[in-house]
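A.B. asks: I need the structure of the sequence given here:
(chains A and B)
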Amino acid sequence: MEGAALLGRLTWQLADVIEIVPETAHVKTLALDVPDWAGHRTGQHVDVRLTAEDGYQVERSYSIASAPSGSRVDLTVERLDDGEVSPYLTDELHSGDQLELRGPVGGYFVWEPSLKGPVLLVGGGSGVVPLMAMIRERAAAGSDVDMRLLLSSRSWEEIIYRDELERLSGDGLRVVHTLTRSRPDGWTGFARRVDAEMLAEVGPAVEDRPHVYVCGPTPFVEAVANALVGLGHQPHEIKTERFGPTGG
Amino acid sequence: MDALMLDGNAVAGLLQEVFGAEMTTAIGTCAACGSSAAVGAVHVFRAAGVVLRCPYCGSVLSKIVERQTQTCVDLRGLRALDRT
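C.D. replies: The predicted structure is shown next:
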């Protein structure tokens, strides 16, 4: 086990910021080049560390948004007004800057094409980020696994990755939106919080034993996971990832 | 339910520092109720330190406090912690 322990050792490294891409009014993607990146699995995170001039340090964990691709790592960050880290990442960081990070970390909330399907992804707001990595990995691998995304957003304008999700839809990927606060004129889709009825309508049949991944704010994850268990999904097939106001 | 609650995924990096290995897929068994869960699925609260709680009964499984160069780890609430 000594070898495994050595491999598991984490080191902080400097990433170069290649590009900052606005996704919605409050969400940006940081495209990073990490020179010694060992690769990652979809659903994994990195820890980001900021150091102030007086030496004060603060760390946050962010999901990786991109499928594995060389030394390129994309993080998608939602700006939380009272956050300690996200306002810096979304407002102050520019291409050409450097960012300190370590990872990849985590192994529980992970999907890879070899797991087959069917797969049900349920996201709340920026909870779509690790799910997007899975969707991108599925596309990059040319997989035809039955994958369905049910994404809850406040409004049409706040749907993260909206255009790319539309582009990737089809060939076994189904994307369904629900808009909880406001809807564009003529909206005929779901217009309420995710509930058991919606999950039953969108998700694969319980008998098909789908792998289920739920990511979002803690109350969202609790409600969705409870509804899934109520529908008869096996608790061990439901992987959850919660983020809270302290995530900023 | 507490909106400030996170889960084991959020402290994957810290746990890897402490144990020298990926721990979110390890299975922890609660000393109080005997239930088992992947570490990624246990409930996590952050304050001055990190507190891991059983997702079934809410008992404290582990407390981790970092101070300067020291990391203090209390595992009294875990009956077992299995890595495969």
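A.B. asks: hey, which strand is longest across chain A?
C.D. replies: As far as residue count goes, and with DSSP state E defining each element, the longest strand of chain A is strand A:13-24.
A.B. asks: For the next helix or strand after it, buried residues please.
C.D. replies: Following strand A:13-24 in sequence order, the next helix or strand is strand A:27-33 (DSSP states H and E). Along strand A:27-33, the positions that meet the burial threshold by neighbour count (16 or more other Cβ atoms under 10 Å in any protein chain shown) are A:27-32. In this view, the C-beta of every residue, glycine as well, is placed from N, C-alpha and C.
A.B. asks: Let me know the closest of these to A:T240.
C.D. replies: Within the set of those, A:V27 lies nearest A:T240; the separation is 21.5 Å, counting by Cβ to Cβ.
A.B. asks: Next one: that closest one from A:E158, what distance?
C.D. replies: Distance, A:V27 to A:E158, by Cβ to Cβ, to the nearest Å: 8 Å.
A.B. asks: For chain A, what's its nearest residue on chain B.
C.D. replies: For chain B, the residue closest to chain A is B:G40, as judged by Cβ to the nearest Cβ, at 2.6 Å.
A.B. asks: Could you verify that that residue is part of a helix?
C.D. replies: Yes - secondary structure assignment (DSSP: H, G, I helix; E, B strand; the rest coil) places B:G40 inside a helix.
A.B. asks: confidence score at it?
C.D. replies: B:G40 carries a pLDDT value of 97.
A.B. asks: For it, which residues are in contact?
C.D. replies: A:106-109, A:239, A:241, B:7-9, B:12, B:24-25 (Cβ atoms under 8 Å, 6 or more residues apart in numbering or on different chains).
A.B. asks: Restricted to helices, list those.
C.D. replies: Taking DSSP state H as the definition of helices, the contacts of B:G40 contribute B:A12.
A.B. asks: Pipe the contacts of B:G40 into JSON lines and attach neighbour count, pLDDT and distance to A:V73 per row.
C.D. replies: As requested, these are arranged in JSON lines below (neighbours: other Cβ atoms under 10 Å in any protein chain shown; pLDDT from 0 to 100; distance: Cβ to Cβ, whole Å):
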{"residue": "A:G106", "neighbour count": "31", "pLDDT": "95", "distance to A:V73": "14"}
{"residue": "A:G107", "neighbour count": "21", "pLDDT": "95", "distance to A:V73": "17"}
{"residue": "A:Y108", "neighbour count": "22", "pLDDT": "96", "distance to A:V73": "19"}
{"residue": "A:F109", "neighbour count": "29", "pLDDT": "97", "distance to A:V73": "17"}
{"residue": "A:K239", "neighbour count": "20", "pLDDT": "97", "distance to A:V73": "22"}
{"residue": "A:E241", "neighbour count": "28", "pLDDT": "96", "distance to A:V73": "18"}
{"residue": "B:D7", "neighbour count": "26", "pLDDT": "95", "distance to A:V73": "22"}
{"residue": "B:G8", "neighbour count": "29", "pLDDT": "96", "distance to A:V73": "22"}
{"residue": "B:N9", "neighbour count": "31", "pLDDT": "95", "distance to A:V73": "17"}
{"residue": "B:A12", "neighbour count": "28", "pLDDT": "95", "distance to A:V73": "16"}
{"residue": "B:T24", "neighbour count": "26", "pLDDT": "97", "distance to A:V73": "19"}
{"residue": "B:T25", "neighbour count": "18", "pLDDT": "97", "distance to A:V73": "21"}
